[in-house]
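Asker: Build me a structure from this.
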Amino acid sequence: MMNPYTILNINYHATKQEIIQAVALAMRQRKFSGREVAIAQKELLDPISKGAHDFVQFIDVKPLQEQLVLTPPGDQHKGSVSDLRRLCIFDEDS
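Answerer: Next comes the predicted model:
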């Protein structure tokens, strides 16, 4: 799910009129599909859905996912996450 504010290229303080203008501009630019633009418009014009997006301030994680490098199973590197030991104050090893 994409961030509707990113699709319409507006900030979360946008008014109803600014949202409608942004929809028209997004349709002309064709950067996103018409379906994505329509869903973004519907979400931002619905007060409950808009409130939820404003509260959560939806973050696009796609750029972060693209930067993530996964280590294949069985390919152990020194210092990888699998080498970390679990620390717990409740362990009774003392």
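Asker: which stretch of helix or strand covers Phe55?
Answerer: Per DSSP states H and E: Phe55 is located in helix 47-56.
Asker: Quick one: list the elements packing against that helix.
Answerer: Applying 3 or more C-beta pairs under 8 Å, 6 or more residues apart in numbering; DSSP states H and E, one finds that helix 47-56 contacts helix 34-45. In short, each C-beta sits where N, CA and C put it, glycine included.
Asker: Only the buried residues of the helix it packs on, if you could.
Answerer: 36-37, 39-41, 43-44 (16 or more other C-beta atoms under 10 Å).
Asker: Just the buried positions in whichever strand or helix holds Arg28, please.
Answerer: Per DSSP H and E, Arg28 falls inside helix 16-29. Residues of helix 16-29 classed as buried: 19, 22-23, 26 (neighbour count, 16+ other C-beta under 10 Å).
Asker: about what we covered before: what lies in contact with the helix holding Phe55?
Answerer: Contacts with helix 47-56, where a contact means C-beta atoms under 8 Å, 6 or more residues apart in numbering, come from 3-5, 12, 42-44.
Asker: go again using 10 Å as the cut-off
Answerer: With contacts defined as C-beta atoms under 10 Å, 6 or more residues apart in numbering, helix 47-56 is touched by 3-5, 12-14, 16, 19, 40, 42-44, 46, 58.
Asker: One more: stretch 20-37?
Answerer: Outside stretch 20-37, the residues touching it (C-beta under 10 Å, 6+ apart) are 1-2, 4-10, 14-15, 38-42, 44-45.
Asker: returning to that earlier point: what's the average pLDDT for the helix holding Phe55?
Answerer: Averaged over helix 47-56, pLDDT sits at 81.
Asker: what's the answer for stretch 9-22, then?
Answerer: 92.
Asker: Buried residues in the strand or helix carrying Thr6, which are they?
Answerer: Thr6 belongs to helix 4-8 when elements are defined using DSSP H and E. The neighbour-count criterion (16+ other C-beta under 10 Å) identifies 4-5, 7-8 as the buried residues of helix 4-8.
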